[in-house]
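just to be clear, the model below is a prediction. Sequence and coordinates:
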Amino acid sequence: MSEEGRAVGNKRRTPATRLAGLAGLVGLVSLTVSGCSAGDVLRFGWPDGVTPQSDRMRDFWSWSVVASLAVGVLVWVLILWPVVAHRKRGDTLPKQFQYNHFLEFVYTGIPSIIVVVLFYFTITTQNYVLAEDAPEDVDVNVNVLAFQWNWQFEYESYKDTSGATVAPRTPEGPLVTTVGSTTEIPLLVLPTQSQIHYTLRARDVIHSFFVPEFNFKRDVFPYPEKNNQDDTFQNSIDREGSFVGRCAELCGTYHSGMNFEVRALNPDRFDRYMVLRRSANENTGQPYTAAEALARLGEEDSSCGDLCSPTATTTSPFNSDRTTRTSSK
């Protein structure tokens, strides 16, 4: 190489140039994460959940990313170190490492250990998420029926604040049920800090029960027992709030609008809600609907706020006019 070429090469590798490149990289990373809190960064993109099961999955995800980053750093060090430390410095043949049994054992053993460890934590996390308590330890049993293009929620039983198991029937006899329509989003009202058992079934085609804050999705089949499908799961909700639920399986024309809302109330509010649902509305003479019960609860408890809104706050009904081009939220 000519002296001029060496001069150009040395100029490109000055400390100032390297420092400027490092500063640019730091600035780019800072700009990328500037809109994220510390919790967002540590979750590595995993959404914030509201159940113990979602927390367990988040922990598994976060530590998997940490392990991946550690392996990545190790690999890059092992690549760059020979490149820098063992550059050719003459015609002497460098030390050769082929047929090195120790290195071969290391290269094979470390990946095998990583796979075994990840497999173990995958299985333990999956078992935790899918675990179901004994029937006597369940606080609420709810039957979920999916149909084109809405949802029905039937309360089979629940434990009131005294611990007694109640089969919540209306004055007319049927179990307390909420059914959605094209004009009203169905509200699945549930208690916090309680073990909830869901039984899923579809009336027509395959649907999918998905609540993003649960970090969990389960397909809903017609005749699940004949299709060898798991049709139940359990969880508990950590805090009060309103959480949108969706059908996550393409199921026809209005699939995108087949939404519902989970309304999580503290146990006292939920107990009062169920008492109202089991009673007759003095204004109509009919059993309280979900909207009427929540509105009444809001009148009795001024601190309830949007939790007692009679209509969904996270989504809106879909328009069944096939000529419209406006979708639901």
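Okay, I see it.

what's the burial count for the closest residue in space to Met57 that isn't next to it in sequence?
Nearest non-adjacent residue to Met57, counting by Cβ to Cβ, 6 or more residues apart in numbering: Asn215, 5.6 Å away. To be clear about C-beta, it is placed using only N, CA and C from the backbone, and glycine gets the same treatment. Neighbour count of Asn215, defined by other Cβ atoms under 10 Å: 22.

residue contacts, Asn215?
Going by Cβ atoms under 8 Å, 6 or more residues apart in numbering, Asn215 touches Trp46, Pro47, Gly49, Thr51, Gln53, Ser54, Met57, Arg58.

ok, what's across the strand from the nearest residue to the fourth one once chain neighbours are set aside?
Right, Thr51. Leaving aside its chain neighbours, Thr51 sits nearest to Asn235 (4.5 Å; criterion: Cβ to Cβ, 6+ apart). Beta-bridge pairing for Asn235 (DSSP bridges): Ile196.

quick check: Asn235 touching His197?
No: the pair Asn235 and His197 does not pass the contact test of Cβ atoms under 8 Å, sitting 9.1 Å apart.

who's more crowded, those two?
Shown here are Asn235 and His197; by other Cβ under 10 Å, Asn235 has more neighbours (23 against 20).

how close does that one get to Val176?
Per Cβ to Cβ, to the nearest Å, Asn235 is found 21 Å from Val176.

do the same with Phe260
For Phe260 relative to Val176 (Cβ to Cβ), the value is 16 Å.

likewise Gln126?
Applying Cβ to Cβ, the value for Gln126 to Val176 is 33 Å.

neighbour-wise, which of those two wins?
Between Gln126 and Val176, Val176 has the larger neighbour count (other Cβ under 10 Å), namely 25 against 13.

which residues touch the more buried one?
Here Val176 is in contact with Glu154, Tyr155, Pro168, Arg169, Thr170, Met274, Arg277, Arg278, Pro287 (Cβ under 8 Å, 6+ apart).
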